[in-house]
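Undergrad: Just to be clear, the model below is a prediction. Sequence and coordinates:
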Amino acid sequence: MRETSTIARKHKDGTVVEVLPDGSEQPISSQPMRPMTEEEIVAAAFSDPDAIPLK
């Protein structure tokens, strides 16, 4: 399995950027990677065996 890591940095103004291999930065979209409803998010969380339930 191939893993991909993303390095991110949060600026003092609250913006989050991706740090590229050459050290430059590019903004990270604030849009979700895949739009999901609240119900889909909860279902995905409960189906994830690595998720730790909150009490």
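TA: Received the coordinates, thanks. Not measured: the values here are computed from a predicted model.

Undergrad: Check which residues of the helix-or-strand element of the chain with minimal mean pLDDT are buried.
TA: Taking mean pLDDT, DSSP states H and E as the measure, the helix or strand of the chain with the lowest value is helix 38-47, at a mean of 90. Residues of helix 38-47 classed as buried: none (neighbour count, 16 or more other CB atoms under 10 Å). In short, each C-beta sits where N, CA and C put it, glycine included.

Undergrad: And for M36, the neighbour number?
TA: When neighbours are counted by other CB atoms under 10 Å, M36 registers 12.

Undergrad: measure the closest residue to it other than its chain neighbours to D50 for me?
TA: Spatial nearest neighbour of M36, chain neighbours left out: A44 (7.2 Å); criterion: CB to CB, 6 or more residues apart in numbering. For A44, the distance to D50 equals 12 Å [CB to CB, to the nearest Å].

Undergrad: One more: V16?
TA: Noted for V16: a distance of 23 Å to D50, by CB to CB.

Undergrad: Neighbour count for the two, which is higher?
TA: V16 (13 against 4).

Undergrad: Looks like the more buried one contacts I28 (just checking).
TA: Yes. Assessed by CB atoms under 8 Å, V16 is found in contact with I28 at 4.9 Å.

Undergrad: So for these two, which residues contact both of them?
TA: A8 (CB atoms under 8 Å, 6 or more residues apart in numbering).

Undergrad: sorry, back to before: any idea how far the residue nearest to M36 is from R2?
TA: 22 Å.

Undergrad: next one: P49
TA: To R2, P49 is 21 Å away according to CB to CB.

Undergrad: Now R9: phi and psi?
TA: Backbone torsions for R9, taken as degrees, to the nearest 10, come to phi -130, psi 140.

Undergrad: Could you give the bridge partners of it?
TA: Under DSSP bridges, the beta-bridge partners of R9 are V17.

Undergrad: low pLDDT regions in the chain?
TA: Within the chain, the segments meeting pLDDT under 70 span 1, 32, 54-55.

Undergrad: Apply 50 and report the result again.
TA: Residue ranges of the chain with pLDDT under 50: none are present.

Undergrad: now do the same end-to-end measure for stretch 8-23.
TA: End-to-end span of stretch 8-23 (CA to CA, to the nearest Å): 11 Å.
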